[in-house]
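*Asks:* What would the 3D arrangement of this be:
(one chain, ligands or ions: 1)
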Amino acid sequence: MTDRTSSITTHNGKTSELPVLSGTHGPDVIDVRGLYKDTGNFTYDPGYATTASCKSAITFIDGDEGVLLYRGYPIEQLAEHSTYLEVCHLLMYGELPNKQEGQEFNEIIKQHTMVHENIRDFINGFRYDAHPMAMLVGTIGALSSFYHDSLDITNPKHREISAQRLIAKMPTIASYCYNHSRGLPFMYPDNNLSYVENFTRLMFAVPAEEFEPNPVAVKALELIMILHADHEQNASTSTVRLAGSSGANPFASIAAGVASLWGPAHGGANEACVNMLDAIVNSGETIEKTIARAKDKNDPFRLMGFGHRVYKNFDPRAKIIQKMCHDLLSELGGDTPMFNLARELEEATLADEYFIERKLYPNVDFYSGIIFRALDIPMNMFTVMFAMSRTVGWISHWMEMHEDPEGRIGRPRQIYTGAAKRDYPT
Ligand code: SDX
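*Replies:* Next up, the predicted model:
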């Protein structure tokens with residue numbers, strides 16, 4: 001950090017010398033903590049578009065250059081060379097594991113893949129047609145009622161074991177939400193399989209038959225999970241930090257993140273995007289008409305899977321997923337009308353002034369839904385897949401927040417626009 005300052009002189013003639021802070025990468029930051037004391041003014045930044053809420057060493061994004069780094073490593077290199085559990089170790093502990101550390105971490109995760117038998121009963125209590133995200137948000141919160149031995153958030157060992165339990169149990173719980181919605185039996189994890197192989201078995205195996213993980217599906221899911229593992233201070237991660245800042249236990253904090261991710265403007269966009277592509281294919285609507293609707297200010301319709309608060313260039317994850325999508329569909333059975341439509345939509349928007357001017361490019365959710373569908377994962381499970389991958393990002397930020405010496409309860413202020421002070425009519 002530096003000792004530079006920015007001088008602010010406000011409309012009411014007050015001045016404030018505010019420190020300027022610099023990180024490893026990214027823009028300098030004006031520390032506005034002294035502004036109110038010096039000038040009597042708050043700052044106003046709806047959606048926090050230009051506000052740094054914390055210092056973090058986990059992930060860096062450069063939206064203009066389309067750069068994404070996990071603990072300094074480019075996402076493209078991790079996508080090519082790493083595994084999801086290796087990325088989990090990197091995000092949680094800050095370094096790639098050596099061979100022994102990797103084996104030890106994998107073994108620890110394997111020891112926590114099962115859930116208490118009562119969790120099965122808890123999930124079976126949901127209606128048959130409950131949305132899997134509704135089951136997930138409830139079940140993750142309910143984990144707080146099972147682990148009284150590790151809820152002391154001031155104890156680093158409790159924080160670590162909770163992180164390991166969440167990473168290990170997410171595939172098991174996600175598959176139970178899926179199996180419940182289809183009336184299928186819940187499978188037990190098989191610790192002889194890799195993390196992602198085990199997930200495909202939990203999802204698609206039945207007790208009546210042998211199951212062999214499909215290597216094509218495992219490779220595609222491993223990549224998708226690496227790409228979705230973390231993304232700096234997005235809405236759901238900021239929700240986890242805000243919930244955790246009050247001292248809420250890790251399971252309650254992550255449940256808050258699951259809830260925030262569900263929204264169609266965030267993690268729910270993959271399901272919304274495939275619904276949109278489905279509707280266009282089935283209605284026979286032309287691409288020109290679809291794009292005209294997306295541009296029409298009187299029409300609430302937006303192109304799901306396009307745009308991003310930070311990326312004003314291509315989302316680097318979308319580029320990787322697009323190629324994997326193409327390869328997967330070639331391996332599994334040729335391009336589908338939906339994938340062809342997606343590529344036509346992408347080409348059309350890249351040449352359209354409205355999208356160019358607003359720097360709206362396909363984001364990570366644009367192609368991921370097409371891949372999940374190719375892997376026979378139903379649409380209402382797409383955001384559960386996102387949540388399963390992002391759990392390590394959420395819990396890594398939750399741990400970092402508790403280790404931050406400047407950490408304090410989050411409590412934004414406001415501009416009050418309500419009624420002026422008035423007396424009760426007597
Ligand atoms: C994720 O933050 C993260 O890192 C999130 C994420 C992660 O990994 O955690 O990357 C995952 O959530 C990706 C985003 C998935 N959401 C969608 O695909 C939903 C569709 N996209 C939009 O709703 C929107 O682009 C957001 C929510 C993603 C970003 O919204 P912003 O930054 O608040 O932008 P905005 O709404 O102010 O839009 C700016 C302009 C507006 O037009 P004008 O008023 O300037 O004329 O762009 C337009 C918007 O109308 N616009 C779109 C559009 N997105 C923005 N117009 C048509 N279609 C779109 N998709």
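*Asks:* Go through this structure and flag its longest helix.
*Replies:* In the chain, with assignment by DSSP state H, the single longest helix is helix 156-182.
*Asks:* Nearest residue to the closest residue to the ligand within the stretch 201-350 of the chain in space, please, no chain neighbours.
*Replies:* Using C-beta to the nearest ligand atom, the single residue of the stretch 201-350 of the chain nearest to the ligand is Gly307, 2.3 Å away. Using the backbone N, CA and C atoms, a C-beta is placed for each residue, glycine as well. With sequence-adjacent residues excluded and distances taken as C-beta to C-beta, 6 or more residues apart in numbering, Gly307 is closest to Leu360, at 4.4 Å.
*Asks:* That neighbour and Ala348 touch, don't they?
*Replies:* No. At 12.0 Å, Leu360 does not count as touching Ala348 under the criterion of C-beta atoms under 8 Å.
*Asks:* Between the two, tell me which one has more neighbours.
*Replies:* Taking neighbours as other C-beta atoms under 10 Å, Leu360 and Ala348 compare with Leu360 leading, 20 against 14.
*Asks:* List the residues that contact the more buried one.
*Replies:* Going by C-beta atoms under 8 Å, 6 or more residues apart in numbering, Leu360 touches Leu303, Phe306, Gly307, Thr349, Tyr354.
*Asks:* in its sheet, what does the longest strand seen in the chain sit against?
*Replies:* Assignment by DSSP state E gives strand 15-21 as the longest strand of the chain. The pairing partners recorded for strand 15-21 under DSSP bridges are strand 5-9 (antiparallel), strand 29-30 (antiparallel).
*Asks:* Can you pull the phi/psi pair for the residue of the stretch 201-350 of the chain closest to the ligand?
*Replies:* Phi and psi for Gly307, reported as degrees, to the nearest 10, are phi 90, psi 160.
*Asks:* Give the burial count for it, as a bare number.
*Replies:* Gly307, neighbours per other C-beta under 10 Å, totals 22.
*Asks:* if I pick it, what's in contact with it?
*Replies:* Arg358, Leu360, Tyr361, Asn363.
*Asks:* Kindly report the residues of this structure close to the ligand.
*Replies:* Taking C-beta under 6 Å from any ligand atom, the part of the chain that reaches the ligand is made up of 47, 231, 234, 265-267, 269, 294, 302-310, 358, 360, 363-365.
*Asks:* circling back to that earlier point, with just CA atoms, put the longest strand of the chain into PDB.
*Replies:* Only the C-alpha atoms of strand 15-21 are listed here, as PDB (Å, rounded to 0.1, in the frame of the first residue of the first chain):
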ATOM      1  CA  THR A  15     -11.700  19.100   2.400                       C
ATOM      2  CA  SER A  16     -10.400  15.700   3.100                       C
ATOM      3  CA  GLU A  17      -6.900  14.100   2.400                       C
ATOM      4  CA  LEU A  18      -7.800  10.500   1.600                       C
ATOM      5  CA  PRO A  19      -5.100   7.800   1.400                       C
ATOM      6  CA  VAL A  20      -4.600   6.100  -2.000                       C
ATOM      7  CA  LEU A  21      -4.000   2.400  -1.800                       C
END
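*Asks:* which outside residues touch that strand?
*Replies:* Residues from elsewhere that reach strand 15-21 (C-beta under 8 Å, 6+ apart): 1-10, 28-32, 34-35, 38-39.
*Asks:* Beyond the longest helix of the chain, next helix or strand please.
*Replies:* helix 195-204 (DSSP states H and E).
*Asks:* Low-confidence stretches in this protein?
*Replies:* 1-2, 333-335 (pLDDT under 70).
*Asks:* coming back round to it: please identify the buried residues of the longest helix of the chain?
*Replies:* Within helix 156-182, the residues that count as buried by 16 or more other C-beta atoms under 10 Å are 158-181.
*Asks:* how deep is Ile320 tucked in, by neighbour count?
*Replies:* Count around Ile320 with other C-beta under 10 Å applied: 21.
*Asks:* in which helix or strand would I find it?
*Replies:* Per DSSP H and E: helix 316-332 holds Ile320.
*Asks:* which strands and helices sit next to the helix or strand following that helix?
*Replies:* Per DSSP H and E, helix 316-332 leads on to helix 337-350 as the next helix or strand towards the C-terminus. Contacts defined by 3 or more C-beta pairs under 8 Å, 6 or more residues apart in numbering; DSSP states H and E place helix 337-350 against helix 269-283, helix 287-295, helix 316-332, helix 364-374.
*Asks:* what about helix 337-350, distance to the chain center?
*Replies:* 24 Å (C-alpha atoms, centre = their mean, to the nearest Å).
*Asks:* Buried residues, that helix. List them.
*Replies:* In helix 337-350, counting by 16+ other C-beta under 10 Å, buried: Met338, Phe339, Leu341, Ala342, Arg343, Leu345, Glu346, Thr349.
*Asks:* after that helix comes which helix or strand?
*Replies:* Assigned by DSSP H and E, the successor of helix 337-350 is helix 353-357.
*Asks:* residues in contact with that following helix?
*Replies:* Residues contacting helix 353-357 (C-beta under 8 Å, 6+ apart): Ile291, Lys295, Phe306, Thr349, Leu350, Leu360, Tyr361.
*Asks:* Thanks again, I'm all set now.
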